[in-house]
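Enquirer: Need a 3D model of the sequence below.
(one chain, ligands or ions: 1)
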Amino acid sequence: MFSSELNPEQRLQALSALAHEEFDILVIGGGVTGAGALLDAASRGLKVAMVEARDIASGTSSRSSKLIHGGLRYLEQYDFKLVREALHERELMVATTSPHLVKPVGFLYPLHEKYKERTYVGAGLALYDMLRGFQRAMPFHKHISQRKINQIAPSLRPDIVTGAIKYYDAQVDDARHTMTIIRTARRHGAVVATHVEVQELIRNGKKVVGAIVRDLLTGEEIKVTSKSVVMCAGIWSDELHQKFGLTAGYGVTMSKGVHIVVPGSAIKSDTGIILKTAISVLFLIPWGDKWIVGTTDTPYTGDRAKPHATDEDIQYILDQANKVLDPQLKREEIIGVYAGLRPLVANAKNSTTTKLSREHTVDRSAPGFVSIAGGKYTTYRVMGKDAIDLAAIDLRRLVNDSCTEKLPLVGADGYFALVQQVSVIANEYGLAEATITHLLNRYGSMISEVLEIVKSDKKNGQLLDSTLPYIKAEIIYAVTHEGAMSVDDVISRRTRLAFEAPQAGLELVDEIASIIAPYLGWGAKEKKASINEYRTQVEAEVEALAELINS
Ligand SMILES: Cc1cc2nc3c(=O)[nH]c(=O)nc-3n(C[C@H](O)[C@H](O)[C@H](O)COP(=O)(O)OP(=O)(O)OC[C@H]3O[C@@H](n4cnc5c(N)ncnc54)[C@H](O)[C@@H]3O)c2cc1C
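Expert: Down below sits the predicted model:
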C-alpha cells in the first residue's frame with residue numbers, strides 16, 4: 001500500500017519518477033475521466049502516471065450540475081442501455097465506492113395537467129426505477145397530490161402545478177470526488193503530478209512511446225517513457241490531437257452550461273425540482289443551505305479555460321425557474337454563478353480507429369496512443385475501464401481485468417459506522433455535531449486525519465467564517481493531503497467557496513493564504529502572488545456578475 005497524500009513533497013517525488021522510471025501507461029488530464037483511467041490502471045497492478053496541466057478537476061469536472069444520474073431525458077430517446085448503465089454506476093457510488101461523497105437527492109417533477117401527463121411521466125419514472133434492476137440504494141418514485149405539494153414545496157405555484165411525481169437521483173461535489181479518485185489511485189501506486197503539461201509525444205517509428213511534459217511551475221521539460229499514452233483531455237482533445245499530428249476518429253465541440261447559486265430562503269422546498277424546458281431540463285438542486293439552479297446549453301468557441309456566464313444565460317435560468325416559482329427568483333438574490341463546457345463528441349464518418357458508444361468515444365489513432373472523450377461524470381468508471389482495456393493492447397502482455405466496480409474510494413471504508421458515532425466524535429474533539437457531519441460527508445473515514453490537525457491545535461477546529469461550514473483544519477488539509485497548491489485551488493475546488501461565499505470568497509482570501517503559506521513553504525512574495533492571482537481572476541468575474549445582477 002502507498003500513501004494517498006497529495007502535496008508539494010509528493011509532487012517533487014512524482015516529477016523525479018516521471019523522469020527516471022518507465023511506465024505502462026501515462027494518462028494526460030486530471031479531470032474525472034483521467035482520474036477514472038488512472039485508478040482503473042493502478043488497481044489492475046499497472047505502472048501508471050498522470051499529468052494534469054493545471055489543478056485536479058480544473059476543467060469541466062468542477063463545473064457540472066453535480067448529479068449522479070441515469071439521465072431521464074435519454075428515456076424519451078429510448079436509450080435504455082445507456083440509462084441502465086448510468087443507473088448501475090449511480091448505485092455503485094451511493095452504496096459501495098463512494099457513499100461518503102455521493103448522496104441520494106429527491107426531485108419533484110411538477111405536473112400541469114391531471115391525468116394524461118401523470119400517466120406518461122409516471123410510466124417513464126416507473127421504467128427509470130425498473131432499469132436499475134434489483135439494486136435498491138434509493139427509494140422508488142411516488143405520486144404526490146397537489147395538497148401535499150403545498151407542504152413539501154410551497155414555492156411551486158398552485159395555480160399551474162396540479163400535482164407532482166417524486167423520484168430520486170444522487171448528487172456529489174464533483175471536484176472533491178475527482179480528487180478522491182486520484183488519491184485512491186495514489187494508494188495503489190499511481191504517480192501524479194499537477195501543473196505539468198504535455199507538450200509533444202515521443203515516437204519510435206509510428207509507435208507512441210511516451211511524452212515530453214513541462215513542469216509549469218519551473219519551466220523544466222521532462223521526457224516520460226511509457227508503453228502507452230491515454231489522453232483524457234475533454235474539451236482540449238481536438239487541440240491536442242492536432243498538436244500531436246494525429247487524426248482521431250472523432251471531434252469534440254463545446255457546449256456551455258451555466259448555473260446560478262441562490263440562498264436556501266429563495267426557494268421554499270424540502271426537495272429538488274426538475275423542470276422540463278423546450279430544449280432540455282432545468283434542475284433546482286439543494287446544495288447545503290443553498291440552491292444550485294441550471295443549466296443552459298449553448299454552443300461555445302471561446303477560451304476553454306475561462307468560460308463565463310452572460311446576461312442571456314442568467315435571464316434564461318431565471319425565466320425557466322420563474323415559470324413555476326412563487327415568489328419568483330430575483331437577480332439580486334444570486335450569490336454565485338459558474339459556467340462549464342460540455343465535451344460533445346461527433347464521430348468522424350467511416351472512422352476505422354474509433355470504438356463507438358452513444359455516450360463516450362474511445363479511439364486508438366496510433367499504436368501506443370488511446371484517447372477518450374464525451375460521456376458524462378456519472379459513467380467515469382466505465383470510461384476509465386474502456387480506455388485502459390484499449391490501451392492494454394500496446395502492453396503486449398496479459399493484463400488483469402478491471403476491478404474498480406468492487407473498489408471503494410479512500411474514506412469509504414467504515415463511513416456508515418462513523419455516521420452513527422457523530423455525537424461521540426463531536427464530544428471527543430469539542431466540535432459541533434453539524435461540523436462532524438459536514439466533515440464525514442467530505443472525508444469519510446479520513447476524518448481522522450483532519451481531526452488530528454484539530455488535536456494538534458484547537459484553533460484549527462474554529463470555523464473559517466461563521467456563516468459557512470468549513471473549519472480551518474480543512475484548509476490546512478487541502479494543501480497537506482489533497483494537492484492544493486494555491487489560494488485558487490483551495491477556494492475553487494477543495495472547498496466550493498468560489499460560488500458558496502459572497503463575492504466569490506474574496507473576503508477570505510488573505511486568511512486562507514496565511515493559513516496555507518507555512519505548509520507550502522511560502523514567503524511573503526509567494527503568498528502575495530497567490531492572493532493576487534485569485535483576486536485578478538475573480539475580480540473581473542465579480543464585477544461582471546454585479547453588472548449582470550443589476551442590469
Ligand atoms: C454544465 C454542465 C453540467 C453537467 N452536469 C453533469 C451532471 O450533472 N452529471 C453528469 O454525469 N455529467 C455532467 N456533466 C458532464 C461532465 O461534467 C463531464 O462529462 C466530465 O466532467 C468531463 O470530464 P473529463 O475528465 O473528460 O474532462 P475535464 O474535466 O475537462 O478534464 C480534462 C483535463 O485535461 C487537462 N489537460 C488539457 N490539456 C492538457 C495537457 N496538454 N497536459 C495535461 N493536461 C491537460 C485539463 O486541464 C483538464 O483538467 C456536465 C457538464 C457540464 C458542462
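
Enquirer: count of residues packed around Leu275?
Expert: 19 (other C-beta atoms under 10 Å). Any C-beta I mention is one placed from the backbone N, CA and C, and that applies to glycine too.

Enquirer: Starting from the ligand, give me the distance back to it.
Expert: Noted for Leu275: a distance of 15 Å to the ligand, by C-beta to the nearest ligand atom, to the nearest Å.

Enquirer: Can you tell me the SS state at that residue?
Expert: strand (DSSP: H, G, I helix; E, B strand; the rest coil).

Enquirer: what residues does stretch 429-442 touch?
Expert: The contact list for stretch 429-442 (C-beta atoms under 8 Å, 6 or more residues apart in numbering) reads 100-101, 103, 173, 176, 415, 418-419, 422-423, 425-426, 447, 450-451, 454-455, 458, 461, 463, 469-471, 474.

Enquirer: Make a ChimeraX selection of whichever of those turn out to be buried.
Expert: Typed into ChimeraX, the line below selects the buried ones among the contacts of stretch 429-442, using 16 or more other C-beta atoms under 10 Å:
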select :100,101,173,176,415,418,422,425,426,447,450,451,454,461,469,470,471,474
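
Enquirer: Which ones among the contacts of stretch 429-442 lie within helices?
Expert: 176, 415, 418-419, 422-423, 425-426, 447, 450-451, 454-455, 474 (DSSP state H).

Enquirer: among these, which two are most distant?
Expert: Arg176 and Ser423 (24.8 Å; C-beta to C-beta).

Enquirer: picking that back up, need the ones in helices among the contacts of stretch 429-442 in CSV (columns: distance to Arg535 and pLDDT).
Expert: Listed next are these as CSV, based on distance: C-beta to C-beta, whole Å; pLDDT from 0 to 100:
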residue, distance to Arg535, pLDDT
Arg176, 24, 98
Tyr415, 37, 97
Leu418, 38, 98
Val419, 39, 97
Val422, 37, 98
Ser423, 41, 98
Ile425, 37, 98
Ala426, 36, 98
Ile447, 32, 98
Val450, 28, 98
Leu451, 32, 98
Val454, 29, 97
Lys455, 34, 96
Glu474, 22, 98
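
Enquirer: Rebuild these as CSV, extending it with distance to Ile260.
Expert: As requested, those are exported to CSV (distance: C-beta to C-beta, whole Å):
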residue, distance to Ile260
Arg176, 21
Tyr415, 31
Leu418, 34
Val419, 31
Val422, 32
Ser423, 36
Ile425, 35
Ala426, 34
Ile447, 31
Val450, 30
Leu451, 35
Val454, 34
Lys455, 39
Glu474, 25
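
Enquirer: Nearest to the ligand among those?
Expert: Arg176 (13.2 Å; C-beta to the nearest ligand atom).

Enquirer: wouldn't the closest one be in contact with Ser492 here?
Expert: No: applying C-beta atoms under 8 Å, one finds Arg176 not in contact with Ser492, separated by 11.6 Å.

Enquirer: Contacts for stretch 78-85, please.
Expert: By C-beta under 8 Å, 6+ apart, the list of residues contacting stretch 78-85 reads 70-71, 74-75, 127-128, 131-133, 358-359, 379, 382.

Enquirer: Show me which residues of that stretch are buried.
Expert: For stretch 78-85, by 16+ other C-beta under 10 Å, it's 79, 82-85.

Enquirer: Show me which of those residues is closest to Pro286.
Expert: Closest to Pro286, out of all of those and judged by C-beta to C-beta, is Val83, at 23.4 Å.

Enquirer: Let me see the contact set for the residue nearest to that closest one when sequence neighbours are not counted.
Expert: Spatial nearest neighbour of Val83, chain neighbours left out: Gly70 (4.5 Å); criterion: C-beta to C-beta, 6 or more residues apart in numbering. Applying C-beta under 8 Å, 6+ apart, we find Gly70 in contact with 83-84, 86-87, 90, 128, 131-132, 169, 378.

Enquirer: Which helix or strand in this structure has the lowest average pLDDT?
Expert: strand 354-355 (a mean of 58; mean pLDDT, DSSP states H and E).

Enquirer: In the stretch 51-200 of the chain, what residue comes closest to the ligand?
Expert: Gly59 (2.5 Å).

Enquirer: from what I can see that residue touches Trp236, true?
Expert: Yes: using C-beta under 8 Å, Gly59 is in contact with Trp236, at 7.4 Å.

Enquirer: Looking at those two now, which is surrounded by more residues?
Expert: Gly59 (28 against 22).

Enquirer: Lys103 contacts Arg90, doesn't it?
Expert: No: look at Lys103 against Arg90 with C-beta under 8 Å: they stay out of range, at 11.2 Å.

Enquirer: So for whatever helix or strand comes next after the least confident helix or strand of the chain, what gets flagged as buried?
Expert: Later in the chain than strand 354-355, the nearest helix or strand by DSSP states H and E is strand 360-366. Across strand 360-366, burial judged by 16+ other C-beta under 10 Å covers 360-366.

Enquirer: out of the residues you listed, who's nearest the ligand?
Expert: His360 (8.4 Å).

Enquirer: Return the residues in contact with that closest one.
Expert: His360 touches 345, 372-375, 379, 382-383, 386, counting by C-beta under 8 Å, 6+ apart.

Enquirer: Likewise for Thr162?
Expert: 111-114, 146.

Enquirer: 6 Å instead, please
Expert: 111, 114, 146 (C-beta atoms under 6 Å, 6 or more residues apart in numbering).

Enquirer: Next up, the contacts around Ala348.
Expert: 249-250.

Enquirer: so what's Arg342 closest to, chain neighbours aside?
Expert: Nearest residue to Arg342, sequence neighbours excluded (C-beta to C-beta, 6+ apart): Ser255, at 4.4 Å.

Enquirer: likewise Val261?
Expert: Per C-beta to C-beta, 6+ apart, closest to Val261 is Gly336, 4.0 Å.

Enquirer: Look up how far Glu312 lies from that neighbour.
Expert: 18 Å (C-beta to C-beta, to the nearest Å).

Enquirer: Neighbour count: the two, which is higher?
Expert: Neighbour totals were compared for Gly336 and Glu312, and Gly336 leads with 23 against 12 (other C-beta under 10 Å).

Enquirer: who's Tyr338 bridged to?
Expert: His259 (DSSP bridges).

Enquirer: how many neighbours does it have?
Expert: For Tyr338, using other C-beta under 10 Å, the count is 24.

Enquirer: wait, isn't it in contact with Phe499?
Expert: Yes: under the criterion of C-beta atoms under 6 Å, Tyr338 makes contact with Phe499 at 5.2 Å.

Enquirer: Show me what from the stretch 201-350 of the chain comes close to the ligand.
Expert: 232-236, 240, 257, 295, 340-343 (C-beta under 6 Å from any ligand atom).

Enquirer: And Gln420, its phi and psi?
Expert: Main-chain torsions, Gln420, degrees, to the nearest 10: phi -90, psi 0.

Enquirer: In contact with it, which residues?
Expert: With C-beta under 6 Å, 6+ apart, Gln420 has no contacts at all.

Enquirer: thinking again about what came up before, scan the residues of the stretch 201-350 of the chain next to the ligand and report the most crowded one.
Expert: Cys232 (29 neighbours).

Enquirer: Surely that residue and Gly36 touch.
Expert: No: using C-beta under 6 Å as the test, Cys232 is too far from Gly36 to be in contact (7.9 Å).

Enquirer: Mind checking if stretch 83-94 is in reach of the ligand?
Expert: No: using C-beta under 6 Å from any ligand atom, stretch 83-94 stays clear of the ligand, with a minimum separation of 7.4 Å.

Enquirer: For the stretch 301-450 of the chain, which segments count as helices?
Expert: Applying DSSP state H, counting those that start in this stretch to the stretch 301-450 of the chain gives helices spanning 311-322, 380-391, 415-419, 422-429, 433-443, 447-456.

Enquirer: what about the second one and the ligand, any contact?
Expert: No: remark: helix 380-391 sits outside contact range of the ligand, by C-beta under 6 Å from any ligand atom, the gap being at least 7.2 Å.

Enquirer: burial count for the closest residue to the ligand within the stretch 451-551 of the chain?
Expert: Residue nearest to the ligand within the stretch 451-551 of the chain: Arg493 (10.5 Å; C-beta to the nearest ligand atom). Counted by other C-beta under 10 Å, the residues lying close to Arg493 total 26.
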